[in-house]
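# Everything below, folded, please.
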Amino acid sequence: IMDDKRIIRESHITSDISSRIVKEVTDANIEYVGLYSYDSWYVNSDNYWTQREIMGTKVEPDRMNFKDFTPGNIHKIMLRDTPEKISEMDKQLRAHGEVNVFKTRDTTLEIFDTSCSKAVSVKFMSEHFNIPLESMMAIGDSEGDKEMIQTVGYGIAMGNAEESIKEIAFDVTTSNDEDG
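Numbering: from 1, shown residues only. This is a model prediction of the structure:
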């Protein structure tokens, strides 16, 4: 979390855990593996998923052979593949219990350190900026947003949100395609 240009809170997946995860997903031949560290983004290959991220972020990643991966300061690991492979990796990674795993789409997993979640972040900002949680608003559309939406006073679901998110939300807005 940044306040102006100063980092006020951060978390990383430990080196041993990130190394093990990279080995597991490489051995499983996961099509897209993205590693995020500060302003750097590393990918295992240039494929459909990489191009989709580039289009969405307007940022070019660094391509690397993950067999040569040296861990350090990894904030997030993103996996993209078929729903079947993602479901299998989801079960495997959750069984370890050492990271937060969010299935944000049936083809996407996002992996963070256990000290990192959107709910933890809004709680931190509430304390840091002295804003009561019940006065805060959060907007989301997927499993990774669920705890955050439940934590604040005004949890809003996007129109394109999963049904489980719409059910817990204070209100539902239009979809992200309609600038909800």
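# beta partners for D3?
D3 forms beta bridges with R6, as assigned by DSSP bridges.
# Could you shift the numbering so residue one becomes 51, and keep it that way?
Sure, I'll start numbering at 51, so the last one becomes D53.
# gap between it and R59?
Separation of D53 from R59 (Cβ to Cβ, to the nearest Å): 9 Å. All C-beta spots, glycine's among them, are computed from the backbone N, C-alpha and C.
# Three-state assignment for the spatially most central residue of the chain, please.
Residue closest to the average C-alpha location in the chain (Cα atoms, centre = their mean): E160, at 4.1 Å. Put simply, E160 is strand when judged by DSSP: H, G, I helix; E, B strand; the rest coil.
# how about the nearest residue to it, chain neighbours excluded?
Nearest non-adjacent residue to E160, counting by Cβ to Cβ, 6 or more residues apart in numbering: F152, 4.7 Å away.
# Break down this structure into its strands, ranges please.
Taking DSSP state E as the test, the strands found in the chain are 52-53, 56-57, 82-87, 90-93, 112-113, 126-130, 149-155, 158-163, 187-190, 204-207, 221-222.
# Make TSV out of the ones you listed and add distance to E197.
Compiled in TSV, these are given as follows (distance: least, Cβ to Cβ, whole Å):
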stretch	distance to E197
strand 52-53	21
strand 56-57	23
strand 82-87	20
strand 90-93	25
strand 112-113	31
strand 126-130	16
strand 149-155	10
strand 158-163	12
strand 187-190	10
strand 204-207	10
strand 221-222	18
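# for stretch 147-160, which positions count as buried?
Judged by neighbour count using 16 or more other Cβ atoms under 10 Å, the buried positions of stretch 147-160 are E148, V149, N150, V151, F152, K153, T154, T157, T158, L159, E160.
# Among those residues, which pair sits farthest apart?
Pairwise distances across the buried residues of stretch 147-160 peak at 23.3 Å for E148 and T157 (criterion: Cβ to Cβ).
# For the residue nearest to the centre of the chain, give me its contacts.
Applying Cβ atoms under 8 Å, 6 or more residues apart in numbering to E160 gives the contacts K126, I127, M128, V151, F152, T154, G194.
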